[in-house]
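**Student:** Everything below, folded, please.
(one chain, ligands or ions: 1)
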Amino acid sequence: MSQVDPQNLPAMLQDAADHLWMHASEWQAILTRTDRRLLLKGHGCMVVDAEGREYLDALSGLWLVNVGHGREAIAQAMANQAKTLAYASSSRAVTLPAIELATLLSDLTPGDLSAVFFSNSGSEAVESALKITRQYHYLRGDRQRYKIIGRHGSYHGATYGAMSVSGTRSSVDTYFGPLLPGTLAVSCKPYSAEAIEDAIKYEGPNTVAAVIAEPISAAAGIIIPPLKYLQRLREICDRHGVLLIFDEVITGFGRTGKMFAAEHWDVVPDIMTVAKGLSSGYAPIGATICRSKIAQQFSSSLNKPLAHLLTFGGHAVSCAAALANLHILQQERLVENSAQQGSILLDRLRQLMPRHPIIGDVRGLGLFCAVELVKNLETKEPIPDGPEINRLLEILSELGVLTRAESSNLYLAPPLCIQQEQIEHIVTIVDKALSRFVQEGR
Ligand code: PLP
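**Tutor:** Next up is the predicted model:
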């Protein structure tokens, strides 16, 4: 549906409030808050709501519409695949797009990451990584190794395993505890590889199966790790026989100006999880990509296949969408554009700092940026989540920019096809919005 009769809009929003289970602390917010709306269509970096207003999508949906909205080539590839063969069970057969996509991912990912297990989301990609890890150690005869170490501040997903290795686990433990046995999240702010090694030693190195980390964490505020941090993690894991999992669900496919964020530091994990930008959101798909030594352990263990199967994993239509998406990413050199436009965005945002003492810091890499907002520059007292930050998002959307803010960070991560004039437009709007926010006495 690309149009709504304006007279029907209030009733449709009421239906949403009544029946659509949304991720919002107040459901009724869809009826009142101007930064929640019914979106009907999109093109490039722009989206249009049911009242015909246009917005620049400065968060690429939820960090994922990397090639931009409204791509005919992806829609065509999906339609063609659906007409030809929509589904085949991955336990009994393979499909052409699944083979082609797995091969392409093996080529694009660094080092010998080469065996691809498909799923439907970032959470499932992480969940699959955790299970592959535990079964891998079991098959090697190292049956004591079951613990998975995550880090405070991280986010790895909503399923039980992914939630349990996330740094946000303490906030969900109240409702969902006890969380998965053998999982922990280590406090290591700022990035401290030593804290991870201490945890491995404390837990007993021969009980630890894996360490999971986002190379750059959105949830922890897009703080760029120090030069040697990820290399140190690699060394520590190697020293203790622990697998290293990089969660590139957000950072993969050009978001940070390289195809994968791990490439900035030249580190190859044992397992990489991807989703979001893999299809740019045109279809649900995730993947868990493993080094050959892991896959070989499974292929050489007769009658002990991975004890984990997802009906929709490697869905032919999703794979076709991902392939068309990755072809656009490569043909239009969007990874390079992300690096180029991202450095302009960071530069322009930093130029706002002298005029806006509310900006405590500007951080980022590629088109993956955080503007830290503070009440006081000296103390760096953060602006808390809640009505104040929500008001800033409302002002931004009134001025035509949609994005997200959390833990005192305003996030900017537009589609990778963005052009310089749109970057300048975002910065102009952020500038105006901050002035208005401060004028209102926030
Ligand atoms: N991993 C990371 C780093 C994420 O940011 C997210 C979601 O934002 C996930 C995993 C979970 O992905 P999904 O929401 O697709 O399940």
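
**Student:** Show me what the strand or helix carrying Asp431 is packed up against.
**Tutor:** Remark: Asp431 resides in helix 420-439, with elements defined by DSSP states H and E. With contacts taken as 3 or more CB pairs under 8 Å, 6 or more residues apart in numbering; DSSP states H and E, helix 420-439 sits against strand 54-57, helix 334-352, helix 387-398, strand 401-402, strand 409-412. Glycine gets a C-beta too; all of them are placed from N, C-alpha and C.

**Student:** So which residues make contact with the last one?
**Tutor:** Here strand 409-412 makes contact (CB atoms under 8 Å, 6 or more residues apart in numbering) with 58-59, 218, 221-222, 345, 349, 364, 367, 369-373, 392, 403-405, 426, 430.

**Student:** Only C-alpha atoms, please: export that strand in CSV.
**Tutor:** Coordinates of each C-alpha in strand 409-412 appear next as CSV, following Å, rounded to 0.1, in the frame of the first residue of the first chain:
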residue,chain,number,x,y,z
ASN,A,409,24.2,9.5,22.3
LEU,A,410,22.5,10.8,19.2
TYR,A,411,23.2,8.3,16.5
LEU,A,412,23.7,9.0,12.8
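
**Student:** What strands flank that strand, and is each parallel or antiparallel?
**Tutor:** Here strand 409-412 is paired, per DSSP bridges, with strand 369-376 (antiparallel), strand 404-406 (antiparallel).

**Student:** one step back: looking at the helix holding Asp431 now, give me its mean pLDDT.
**Tutor:** Per-residue pLDDT values across helix 420-439 average out to 97.

**Student:** quick one on the thing from earlier: quick one, which of the helices and strands packed on helix 420-439 is nearest to Pro205?
**Tutor:** Comparing the helices and strands packed on helix 420-439 by their distance to Pro205 (CB to CB), the top pick is strand 409-412, with 35.1 Å.

**Student:** near the ligand at all, the closest one?
**Tutor:** No - if you take CB under 6 Å from any ligand atom as the test, strand 409-412 misses the ligand, and the best it gets is 11.5 Å.

**Student:** With stretch 313-322 instead?
**Tutor:** No - when contact is scored as CB under 6 Å from any ligand atom, no part of stretch 313-322 falls within range of the ligand; the minimum is 12.6 Å.

**Student:** Not counting stretch 235-244 itself, show me its contacts.
**Tutor:** 133, 136, 142, 145, 149, 193, 196-197, 200, 205-206, 208-211, 213, 233-234, 269-271, 294.

**Student:** got the CA positions of that stretch in PDB?
**Tutor:** Listed in PDB are the C-alpha atoms of stretch 235-244, where the atom choice follows Å, rounded to 0.1, in the frame of the first residue of the first chain:
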ATOM      1  CA  GLU A 235      46.200 -13.200  21.100                       C
ATOM      2  CA  ILE A 236      44.500 -13.900  24.400                       C
ATOM      3  CA  CYS A 237      42.000 -16.200  22.900                       C
ATOM      4  CA  ASP A 238      44.700 -18.100  21.000                       C
ATOM      5  CA  ARG A 239      46.800 -18.400  24.200                       C
ATOM      6  CA  HIS A 240      43.900 -20.000  26.000                       C
ATOM      7  CA  GLY A 241      42.400 -22.100  23.200                       C
ATOM      8  CA  VAL A 242      39.200 -20.000  23.200                       C
ATOM      9  CA  LEU A 243      37.300 -19.100  20.100                       C
ATOM     10  CA  LEU A 244      36.900 -15.500  19.200                       C
END
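
**Student:** chain center to it, what's the gap?
**Tutor:** When distances are taken as CA atoms, centre = their mean, to the nearest Å, stretch 235-244 is centred 25 Å away from the chain's centroid.

**Student:** mind listing what's buried in it?
**Tutor:** Under the neighbour-count criterion of 16 or more other CB atoms under 10 Å, stretch 235-244 has 236-237, 240, 242-244 buried.

**Student:** do the same with stretch 283-294
**Tutor:** Within stretch 283-294, the residues scored as buried using 16+ other CB under 10 Å are 283-291, 294.

**Student:** again with stretch 401-420
**Tutor:** Buried residues in stretch 401-420, counted by 16+ other CB under 10 Å: 401-405, 408-418.

**Student:** and the residues you listed, which two are the farthest apart?
**Tutor:** With CB to CB as the measure, no two of those lie farther apart than Ser408 and Cys417, at 29.2 Å.

**Student:** rewinding a little: restricting to the contacts of strand 409-412, which residues neighbour the ligand?
**Tutor:** The overlap between those and the neighbours of the ligand (CB under 6 Å from any ligand atom) comes to Ala218.

**Student:** Show me the domain layout of the protein.
**Tutor:** With automatic domain parsing serving as the domain definition, the record reports that the chain contains domains spanning 34-67+333-439, 72-331.

**Student:** residues in the protein within reach of the ligand, list them.
**Tutor:** Of all the residues in the chain, those lying near the ligand are 121-123, 126, 155-158, 214, 218, 247, 249-250, 275, going by CB under 6 Å from any ligand atom.

**Student:** just those now: which is nearest the ligand?
**Tutor:** The nearest member of those to the ligand, counting by CB to the nearest ligand atom, is Gly122 at 2.2 Å.

**Student:** So which elements touch the helix or strand of the chain with the lowest mean pLDDT?
**Tutor:** None of the helices or strands of the chain scores lower by mean pLDDT, DSSP states H and E than helix 29-32, at a mean of 71. Contact here means 3+ CB pairs under 8 Å, 6+ apart; on that basis helix 29-32 packs against helix 9-19.

**Student:** Tell me which other helices or strands the helix it packs on touches.
**Tutor:** Using 3+ CB pairs under 8 Å, 6+ apart as the contact criterion, the elements in contact with helix 9-19 are helix 29-32.

**Student:** Helix or strand next in line after the helix it packs on, which one?
**Tutor:** Per DSSP H and E, the helix or strand that comes after helix 29-32 is strand 39-43.

**Student:** Direction included, what does that next one pair against?
**Tutor:** Strands adjacent to strand 39-43 in the sheet, as given by DSSP bridges, are strand 46-49 (antiparallel).

**Student:** ok, and what's touching the strand it pairs with?
**Tutor:** Applying CB under 8 Å, 6+ apart, the set of residues contacting strand 46-49 from outside is 37-42, 54-57, 69, 402.

**Student:** in the stretch 101-250 of the chain, which spans are strands?
**Tutor:** Per DSSP state E, counting those that start in this stretch, the stretch 101-250 of the chain has strands spanning 113-119, 147-151, 183-186, 208-213, 243-247. These are given in chain order.

**Student:** so where is the stretch 1-150 of the chain shaky, pLDDT-wise?
**Tutor:** Within the stretch 1-150 of the chain, the set of residues satisfying pLDDT under 70 comprises 1-2, 24-27, 30, 33-36.
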